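Enquirer: Got a predicted structure here, sequence first:
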Amino acid sequence: MSYRLLACALVATGCTGVIEGVAQRGDDHDQVVVLQGEDLARELGESPVHVAERPFVRIGVMWEADRPGAIELSVSDDGNNWSGWMPVVVQHIEMELNIGNFTGQLEFARPITHYRVRSTVGRAEYVRLELLTTTMSESVEDGDGTGAMFLDPVGDANVHSRSEWGAAPTRCTSPLGSAYRMAIHHTETPTSDSVSPEARLRSIQSYHMNTRGWCDIGYHYLMSRDGRLWQGRDVHLLGAHTGGSNTGNIGIAVMGSHDTTPITDTQVDSLATLIRGLADRYGIAINRTAIKGHREYKSTTCPGDALFAQLDDIVGTAANAGSPPAYPPSGGGTVKVMGVLYAGSDTADRIAGATVTVGGETTTTNDVGLWQFDNVPEGSYTVSASAPGYEPRSITRTTYADPTWSSFGLSPATGTTTGTAVLQGVVYYTSDSSNRIANAVITLSTGETVNADENGFYRLTDLPAGPVTITASAPGWLTASVDRVLVDGETAWGSVRLATDSADADVGGPGADCTPCAAYDFLCCNVPANDMFYLTSFAGGGSMACGGYADGVHYYATSWVRWGCGAKLRVTNANTGACVVVEVQDAGPANWVEENAGGPILDASTVVCEDLFGSSSCGWSDQNVVEVVEVASDTAVGPAGCP
């Protein structure tokens, strides 16, 4: 498959016609180049100089090869002075048979404008380069694993859960909001894949989290070439698939590249069944206004010309409630199930002599970690493995082909300190990890110390595997710690939330001064830039501006001039993280109250004060600091609506 150059400026040697093998994507990703087949061979053999459309500071790479060092890159900030040839820093490996799928990146100290790629020892079969314009600390989003994770039924669609493909824990917490639309994508990965769908999903998730810096895989659902459906990011959480249009938008990605290759009839039926199930569940209209290709939201070629041309038929099939395909194919047959067992995430470090069990049958891995069962009944099956020095592990998979591959790794046993790992995270305050604390000091129980950067991000490499306590401290904040277990060859997240060490927190921050409303000049209309307020409380049975009575036992709050009647607000104790959701039902407080308090005020039911601060009432002089963030209108009030 070849790809066309969409911007002549990418190539420094002139633009005399269509250049095969390169694609530019102007979507929510940065600049992307995809190469495979003869186009890749020419690129790696000739190593032409490329000029980026705009300067970049990182290159994210996904590639397939028989070894990680099969490709190298060289970069320049002026086209004259070049760096040496550099291998890509590997962050994730999936290997089945003799081909590995790798993800990784290169980071640069200053903006880069030129780059080139070449082959080294080994065989590369697919390369995807993404020229990233943000540093890792600017990109990273981290909720420290507190996000919800559900698999809601979606009509007749058979969606395989995250656990079935071995997903890493989510770090997401931001809600999707009320779902009212869908966006269809393709992943720009090989259509005829050399690894199983499960391995490809793990690779995409790793790239999105460890290279893009997102809190999880960007899509809510994905579909593999065989038509199977897979759970991605929890559908209740905000996705990262359609920049600027993610709120209320369910992201569905077809795995593969569909510029010239359409999806199969089986895939059409499967995708239509998913769309129908989601539409029925969330009340989304089944038409091309509510269900669009990515390119209909912004300038991009996604989901590829071929798939985009099929969208009308897919949506029409969904509207007519097409029958879903059966998974796995019925017939009661058997297939061969096989895989390799490796240590941690390093697929090259094979575990020989391990015990592997499937359906009551047991075998032992050979000297290269390979195991195999020849007659596994079609359908779901569980593979269990154990080996001295490692934690036992079981995974559940579904047969999809003959053979079906189910490779996986074992973590070192608790207390094992063999190998090295990477630790990274952010230091933040309140319940929202995007509120960062710059230059905090990170100290590990193993003796290492590092300072977080201006965005609160830190990263340590070559740490000994095993348990570690991560302690963060910063002037004006209470010191706090979290515990993690580092696994050989893997990247662990150790984000730390700090609380203020005094009652007079930075309430309001920039923009905290009262801005009177035009029509109601005795009220303040502005929302402070950092969302921090003082909490006050009121009850007494009086009627409220939006209806209802201030009885003190329901979860209500002001101010309709800031958010509107009926808006839902997540209110969080800035020190403890305790949280409730309230509904805006009244006006106020008056601007003179906020001026005397020295900061913006959220006036709320006394039950809010009780839940967050354990007091029967809150006054502005108490300086009880809360973070106030508007959430989806269908969020439940009270503690039930919090993450």
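Expert: Arrived safely, thanks for sending. Numbers count the residues shown, from 1 in each chain.
Enquirer: In the protein, which residue is most central in space?
Expert: With the centre of the chain defined as its mean C-alpha position, the nearest residue by C-alpha atoms, centre = their mean is Asp216, 1.9 Å away.
Enquirer: would you list every one of the helices in the stretch 251-400 of the chain?
Expert: Ranges of helices in the stretch 251-400 of the chain, per DSSP state H, counting those that start in this stretch, are 265-282, 305-319.
Enquirer: Then the chain?
Expert: 37-46, 136-139, 162-165, 197-206, 265-282, 305-319, 560-563, 591-597, 606-613 (DSSP state H).
Enquirer: wait, doesn't Met544 sit right on Glu583?
Expert: No. Under the criterion of C-beta atoms under 8 Å, Met544 is not in contact with Glu583, lying 10.3 Å apart. Quick note: C-beta positions are derived from backbone N, CA and C, even for glycine.
Enquirer: Between these two, which is the more surrounded one?
Expert: Neighbour totals were compared for Met544 and Glu583, and Glu583 leads with 22 against 19 (other C-beta atoms under 10 Å).
Enquirer: Tyr556 is in contact with the more buried one, correct?
Expert: Yes. Judged on C-beta under 8 Å, Glu583 makes contact with Tyr556 at a distance of 5.7 Å.
Enquirer: Grab the nearest non-local neighbour of Asp259.
Expert: Take Asp259 and drop its neighbours on the chain: the residue closest to it by C-beta to C-beta, 6 or more residues apart in numbering is Gly304, 4.2 Å away.
Enquirer: still on that earlier bit, find the residues that touch each one of Met544 and Glu583.
Expert: Common neighbours of Met544 and Glu583, using C-beta atoms under 8 Å, 6 or more residues apart in numbering, are Tyr556.
Enquirer: Roughly how far does Glu378 sit from Gly218?
Expert: Using C-beta to C-beta, to the nearest Å, one obtains 32 Å as the distance from Glu378 to Gly218.
Enquirer: More neighbours: which of these two?
Expert: For Glu378 against Gly218, the residue with the higher neighbour count under other C-beta under 10 Å is Gly218, and the figures read 26 against 19.
Enquirer: For Arg295, see how far away that one is.
Expert: According to C-beta to C-beta, Gly218 stands 16 Å off from Arg295.
Enquirer: what's the answer for Ala65, then?
Expert: The span separating Ala65 from Arg295 equals 31 Å under the rule C-beta to C-beta.
Enquirer: Kindly report the same for Cys215.
Expert: Separation of Cys215 from Arg295 (C-beta to C-beta): 25 Å.
Enquirer: what does Ala285 give?
Expert: Distance from Ala285 to Arg295, counting by C-beta to C-beta: 20 Å.
Enquirer: More neighbours: these two, which one.
Expert: Arg295 (19 against 12).
Enquirer: re the thing from before, so for Gly564, which of the helices of the stretch 251-400 of the chain sits nearest?
Expert: Of all those, helix 265-282 sits nearest to Gly564, with 22.8 Å by C-beta to C-beta.
Enquirer: Dump that closest one to CSV, keeping only the CA atoms.
Expert: Output for helix 265-282, consisting of C-alpha atoms alone and laid out as CSV, is shown next (Å, rounded to 0.1, in the frame of the first residue of the first chain):
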residue,chain,number,x,y,z
ASP,A,265,-18.6,-7.2,4.9
THR,A,266,-18.0,-8.9,8.2
GLN,A,267,-16.5,-5.7,9.6
VAL,A,268,-19.4,-3.6,8.1
ASP,A,269,-22.0,-5.8,9.9
SER,A,270,-20.0,-5.7,13.2
LEU,A,271,-19.4,-2.0,13.1
ALA,A,272,-23.1,-1.3,12.3
THR,A,273,-24.1,-3.5,15.2
LEU,A,274,-21.9,-1.5,17.6
ILE,A,275,-23.3,1.8,16.3
ARG,A,276,-26.8,0.5,16.7
GLY,A,277,-26.2,-0.6,20.3
LEU,A,278,-24.6,2.6,21.3
ALA,A,279,-27.3,4.7,19.6
ASP,A,280,-30.0,2.7,21.4
ARG,A,281,-28.2,3.0,24.8
TYR,A,282,-27.5,6.7,24.7
